[in-house]
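1. When you get a sec, could you give me coordinates for this:
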Amino acid sequence: MPRILSTNRGEVLIRRAVPSDSAAYRELRLEALKNHPTAFGADYEENLAHPPEYWEQRLKINDEKEVLFLAEHREKLVGMTGIFRSLSARSRHAGTVWGVYVRAGWRGSHIAEELIHECLEWAQQKGMVIARLGVAADNKPAIRCYERCGFTVYGTEAKSLYYQGRYVDEYLMHRSLEGG
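-> Numbering: from 1, shown residues only. Model (predicted):
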């Protein structure tokens, strides 16, 4: 069910993505990849080359496997976050949060936290007991956000990404979904 988040810039609607969001989602995702290349494993140039059908298909989501939540203000997307799970019997107990992004002018309004909360609530409803994510070790604002959402660092993946001649380590974080 959609939620309204009150911010100092106005109300923000937090809702699930639908296939008709594909063009706006493409724009937001490409912005994220271009402006923060070391925050995501996906590549801007590769994603830019995808045809519209790719983005439409991307939003035809299997609700048992994944969900994408969007933050919207006055019919314009300002944030996004997704979570997916494996359908394998051995690993379906865990969810992986991905693609957390909030437009620069909206940061500090707790939009990312609300998007993550929605993902974790979905995961709990699906019977998952743990959520995980990876974050660039030098992305202090994101790390603080994830800590506020109850995540803790459990390891480091050295040289997780390579971009423009430098390696980026990634902290691996998790949060229990049991008992609340």
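2. can you give me the strands in this protein?
-> Along the chain, the stretches classed as strands by DSSP state E are 3-7, 10-16, 66-73, 76-85, 94-102, 130-136, 152-163, 166-176.
3. Nearest to H110 among those would be which one?
-> Nearest of the strands of the chain to H110, taken as C-beta to C-beta: strand 3-7 at 7.0 Å. Backbone N, C-alpha and C define where each C-beta goes, glycine included.
4. So R92 versus E121, what's the distance?
-> According to C-beta to C-beta, to the nearest Å, R92 stands 17 Å off from E121.
5. again, but for Y54
-> For Y54, the distance to E121 - C-beta to C-beta - is 28 Å.
6. what about those two, which has more around it?
-> Using other C-beta atoms under 10 Å as the criterion, Y54 and E121 rank with E121 on top: 15 against 12.
7. ok, T7 - contacts?
-> W106, S109, H110, I111 (C-beta atoms under 8 Å, 6 or more residues apart in numbering).
8. ok, how many other residues are close to the last one?
-> For I111, the tally of surrounding residues (other C-beta under 10 Å) stands at 26.
9. One more: the first one?
-> Using other C-beta under 10 Å, W106 has 18 neighbouring residues.
10. likewise the third one?
-> Here the count is done by other C-beta under 10 Å, and H110 has 17 residues near it.
11. got a list of what the residue nearest to it when sequence neighbours are not counted touches?
-> Distances taken as C-beta to C-beta, 6 or more residues apart in numbering put L5 closest to H110, at 7.0 Å, once the chain neighbours are dropped. L5 sits next to E11, V12, L13, I14, A71, S109, H110, I111, E114 when contact means C-beta under 8 Å, 6+ apart.
12. any idea how far K60 is from D21?
-> 11 Å.
13. quick one, which of these two is more surrounded?
-> D21 (21 against 9).
14. The more buried one contacts E75, correct?
-> No. The pair D21 / E75 is not scored as a contact, 10.7 Å apart, by C-beta atoms under 8 Å.
15. how much space is there between E46 and M80?
-> Per C-beta to C-beta, E46 is found 18 Å from M80.
16. Neighbour count: those two, which is higher?
-> Neighbour count, other C-beta under 10 Å: between E46 and M80, M80 has more, with 26 against 9.
17. residues contacting the more buried one?
-> M80 neighbours (C-beta under 8 Å, 6+ apart): 17, 25, 28-29, 32, 68-71, 99-101, 115.
18. What subset of those residues is buried?
-> Among the contacts of M80, those classed as buried by 16 or more other C-beta atoms under 10 Å are 17, 25, 28-29, 32, 68-71, 99-101, 115.
19. Please convert those to TSV, extending it with pLDDT and distance to Q164.
-> Converted to TSV, the buried ones among the contacts of M80 look like this (pLDDT from 0 to 100; distance: C-beta to C-beta, whole Å):
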residue	pLDDT	distance to Q164
A17	96	31
Y25	98	26
L28	98	23
R29	98	20
A32	97	17
L68	97	28
F69	97	31
L70	98	30
A71	98	29
G99	96	21
V100	98	22
Y101	98	20
L115	98	28
